[in-house]
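1. need a structure here:
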Amino acid sequence: DVEAWAEDRGAQIARFFGVRDDPLAPAGSIRPQRLSLSEWNRRKLSTLDARYRGRFIAFLSDAQRVAASHGAQIMIWEASRSLVRQLNLYRQGRDRPGSMVTHTIAAPTGHLWGLAVDLVLVGPDGGPSWRFPSWYDQEVLPLARRHRLSSLLLDRGVDAPHVEVPREELAPVYASAASA
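-> Numbers count the residues shown, from 1 in each chain. Okay, here's the model as predicted:
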């Protein structure tokens, strides 16, 4: 069944990324343990569509420089993710415990095709922090446009961590995925 498959896949992902908890658990319970921040981000970037990966690498590099100027660090929390993971995130805060973390049930999220990332700040304990100071919105998110990416917060007023390939570029990708 789908739940058993998702639990097994979650365990595989946990071993690969060296995380402490199940990646299908509510957001905030996963933390990189054995990996450096640069290795964590490199592995997340490697899951993105190769046609667009360079944009995300350049954006992340610039975003990390801005964060460092404020004494902070940025990490990619999620990049590519399965449909099961997306559905679990969508259910969180609706029919499962926790806060709502996404407004998108499935398509058209770029995460399913490796066309989106969710960023977080690194907290004092080395884990993720979803507390975004004003400099993040004012200085980091505008960098997305410079790298031909879209920030959902700036472009649609939702989801501060989410940066993706612009929707107008995604139509051909979605069409080719649908016909495959």
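2. so where's the chain shaky on pLDDT?
-> Low-confidence regions of the chain, defined here as pLDDT under 70, cover residues 1-35, 106-108, 154-157, 173-180.
3. all helices for it, in order.
-> Taking DSSP state H as the criterion, the chain carries its helices at 2-17, 37-46, 50-69, 83-91, 134-135, 141-146, 152-156, 167-179.
4. now for the closest residue to His162 other than its chain neighbours: which residues touch it?
-> In space, His162 comes closest to Leu152 once its chain neighbours are excluded; the distance is 4.4 Å by Cβ to Cβ, 6 or more residues apart in numbering. Using the backbone N, CA and C atoms, a C-beta is placed for each residue, glycine as well. Remark: with contacts taken as Cβ atoms under 8 Å, 6 or more residues apart in numbering, Leu152 is in contact with Val158, Asp159, Ala160, His162, Val163, Glu164.
5. closest to Ala63 among those residues?
-> For the contacts of Leu152, the closest approach to Ala63 (Cβ to Cβ) belongs to Val163, at 8.8 Å.
6. okay, now the closest one: neighbour count?
-> Here the number of neighbours of Val163 (other Cβ atoms under 10 Å) works out to 29.
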